[in-house]
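Novice: I would like to see how this sequence folds:
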Amino acid sequence: MGNTDRACYLDFKFNLTRPTCGIEGSIMVESHWEQTVISYYDRVDAGDVDWVINLFSEDAVYDRASEVYASKAAIEQFYRSERKIEGRHTLTNVASCKDTVLVDGEFRGRGADGSLKKIGFADCWRFNNAGQVTRRNTYLAIGSDYVRD
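Specialist: Numbering: from 1, shown residues only. Next up, the predicted model:
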């Protein structure tokens, strides 16, 4: 596959050996950053906003389904005032390469108006050497009807 110093090949790991809360089946956690990302979903589901905010660097960028929050202050504003959904994330896959962690899964919960929410998602997380998130991209699965016609 070539020189691993120059490129990474990500293989999703699923149904392996380590059970973790909020994960479908079991996922083997191979890096500290993978564990941090898994912990994020448990913490955000529990409403631990302070822990979530401290995960991000001052200059972090969070692109949430094309809505961009371009600083830790903007990300904090989002989590404290704009994010109104409540529910549970279930992770299906986790993979990492160097400073990047990829996950996919499903969110089930309720919106601010009490309506039921169920959506697939994929997140890409990038970390700095201090272990803080410098970039996060969230992609939401809105279904194939969106791209028909």
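Novice: so the residue nearest to the spatial centre of the chain, which state does it fall into?
Specialist: Geometric centre of the chain, nearest residue: residue 123, 4.3 Å, by Cα atoms, centre = their mean. Classification of residue 123 using DSSP: H, G, I helix; E, B strand; the rest coil returns strand.
Novice: what pLDDT is listed against it?
Specialist: Note on residue 123: pLDDT of 97.
Novice: where's it relative to residue 63, distance?
Specialist: As for residue 123, its distance to residue 63 is 10 Å (criterion: Cβ to Cβ, to the nearest Å). C-beta: built from backbone N, CA, C; applies to glycine.
Novice: which residues do these two both contact?
Specialist: By Cβ atoms under 8 Å, 6 or more residues apart in numbering, residue 123 and residue 63 have these common neighbours: 136-138.
Novice: show me what stretch 128-136 is in contact with.
Specialist: Residues from elsewhere that reach stretch 128-136, judged by Cβ under 8 Å, 6+ apart: 32-33, 36, 55-57, 59-64, 99, 123-127.
Novice: how about 6 Å then?
Specialist: Where contact means Cβ atoms under 6 Å, 6 or more residues apart in numbering, the residues beyond stretch 128-136 that reach it are 55-57, 60-62, 125-126.
Novice: same deal with stretch 65-83?
Specialist: Contacts of stretch 65-83 (Cβ under 6 Å, 6+ apart): 49, 52-53, 56, 58, 60-62, 138, 140.
Novice: average pLDDT across that stretch?
Specialist: Mean predicted confidence for stretch 65-83 is 96.
Novice: for the protein, just list every one of the helices.
Specialist: Listed in chain order, the helices of the chain (DSSP state H) span 32-45, 49-54, 72-77.
Novice: now the shared contacts of residue 123 and residue 63 as JSON lines including distance to residue 92 and pLDDT?
Specialist: Converted to JSON lines, the shared contacts of residue 123 and residue 63 look like this (distance: Cβ to Cβ, whole Å; pLDDT from 0 to 100):
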{"residue": "136", "distance to residue 92": "18", "pLDDT": "98"}
{"residue": "137", "distance to residue 92": "17", "pLDDT": "97"}
{"residue": "138", "distance to residue 92": "15", "pLDDT": "96"}
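Novice: thanks again, I'm all set now.
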